[in-house]
Every structure is written in structure tokens, then in C-alpha cells.
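[1] sharing a model that was predicted from the sequence below.
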Amino acid sequence: MTEVTLRNQKGMTSVKEMPILQDGPPPGGFPAVRYARRIPNSGPGGAAVFLVSSLVIGFGFYQVGQGNIHRRAVRAEKIAARQAILPLIQAEEDARFVKELKKQLEEEKEVMAHVPGWKVGENVYSSGRWMPPSTGKLTVDLS
């Protein structure tokens, strides 16, 4: 295409003679382009987050302390109950020990009947040092 048909002008001698036909901004200009980093201020501030987290952690420590107090009370109750029934359990063990000791002495009496001068229940080592039985001193009368 020639300049005559494009611009309706004959014989342009320079590009500078061409009329300006470029696009321009709309009347009033373009709207402003937002290029800055603008984060909306949503949510609590740093001091509020610190305060709330401190309160939550403090409450957690309080609960741990209360649990420790409760656990200590349960443990003390268990120990007291064991101490209360200890004499009964010890009495049962002592009775069982005496029964077993009598049985052992009767068996010793039968086994060693043919040995002259054998004393049933006497310590054969005669160390002179008294050694208590495992649950305390118990004497048995075989007569």
C-alpha cells in the first residue's frame, strides 16, 4: 500500500510529515497501578498472641502441678494401705514359716533317727554366732 491510500496525502517527503495516530491514555488517565506490598492488618497483634500463649502455657503448668498433687496423694494412700495390711501379711508368712519349719524338723527327725546323739533342729555348724531365719526368730516346740 502506498502512503496516498493510507494517509490520504500525496507526496510525503518525510516521516515527520505523517500525522500522529498512536493510541494514548483515556481522558483522565489510567487508574493507578498498585505495586507496593500492602498486607491487610488482620488478626491479633504480637503482644496479644504473646499474652494468650503465656496464659495457655501457664494453665498447662497449673494442670501438671494439680496432677502431680493428685498422683502424690494416691501414692501416699497406697503406701498407707500397704502399711496397714503389712502386719496381717507378716502374720500369715510367720504362720506359713512355722508350719514349714515343723514339717522340716519332723522330716529331719525321721531321716536322722538312726544317728546316735543327733539333736533335731540344732545347728550343725556350731559357729557360736546366731543367724536369724529369713522372717525373724521363731521357735518350735515339738513336744
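    That came in fine, so what should we check first? Please read these numbers as outputs of a predicted model, since none were measured by experiment. Numbering: from 1, shown residues only.
[2] next, work out how far apart the spatially most central residue of the chain and Leu51 are.
    What sits nearest the mean C-alpha location of the chain, by Cα atoms, centre = their mean, is Val64, with 11.1 Å. Between Val64 and Leu51 the distance is 21 Å, computed by Cβ to Cβ, to the nearest Å. Using the backbone N, CA and C atoms, a C-beta is placed for each residue, glycine as well.
[3] same check on Leu88?
    Using Cβ to Cβ, Leu88 is found at 57 Å from Leu51.
[4] neighbour count: these two, which is higher?
    Under the criterion of other Cβ atoms under 10 Å, the comparison of Leu88 against Leu51 puts Leu51 first, with 12 against 9.
[5] just the helices in this protein please.
    3-7, 46-111 (DSSP state H).
[6] and of the ones you listed, who's closest to Pro31?
    The closest of these to Pro31 is helix 3-7. By Cβ to Cβ, the value is 33.5 Å.
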